[in-house]
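A.B. asks: No sequence on hand, only this structure:
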């Protein structure tokens, strides 16, 4: 397994991803019911997403603070982010939910932010030298 020395860009992208994911996860878990009414998204969906985001945030935050990281783990984070973006868009296009205008904006905004994290992480990974 190839280990890399993460560039500052990769570290910052991982930590920013962790902070945003953790904050959203806590918000979705703690405020699922009021958010559901405001966004027009099912409270169960919000809770499930929040429950997934908390351990993800911890793992990604730890990765962002390490001096050496396994390259496949960084690719796994990038892939998870890409899947999140695709699933967010699929959710809106599928008709499974009927979000409010604010709910649609919320889903699109977080998808754009997650896509940006994935792009920055991929760029940072490409620039990160193998660990000697």
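C.D. replies: In hand now; what should we look at? Model, not experiment: these values are computed from the prediction.
A.B. asks: distance between stretch 68-79 and the chain's centre?
C.D. replies: Relative to the centre of its chain, stretch 68-79 is centred 14 Å away, using Cα atoms, centre = their mean, to the nearest Å.
A.B. asks: now for the helix ranked longest in the chain, which elements pack on it?
C.D. replies: Criterion DSSP state H: the longest helix present in the chain is helix 101-127. If you count contacts as 3 or more Cβ pairs under 8 Å, 6 or more residues apart in numbering; DSSP states H and E, helix 101-127 packs onto helix 8-30, helix 32-39, helix 71-94. No exception for glycine: its C-beta is placed from N, CA and C like everyone else's.
A.B. asks: pLDDT score for residue 89?
C.D. replies: Listed pLDDT for residue 89 reads 98.
A.B. asks: Surely it touches residue 111?
C.D. replies: Yes - contact status for residue 89 versus residue 111: in contact at 6.3 Å, counting by Cβ atoms under 8 Å.
A.B. asks: And these two? Which one has more around it.
C.D. replies: Per other Cβ atoms under 10 Å, whichever of residue 89 and residue 111 has more neighbours is residue 111, with 19 against 14.
A.B. asks: Kindly confirm whether my reading is correct that the more buried one touches residue 84.
C.D. replies: Yes - with contact defined as Cβ under 8 Å, residue 111 reaches residue 84; the gap is 7.3 Å.
A.B. asks: Could you list every helix and strand in contact with the lowest-mean-pLDDT helix or strand in the chain?
C.D. replies: Using mean pLDDT, DSSP states H and E, the weakest-scoring helix or strand in the chain turns out to be strand 3-4, at a mean of 93. Applying 3+ Cβ pairs under 8 Å, 6+ apart, one finds that strand 3-4 contacts strand 69-70, helix 71-94.
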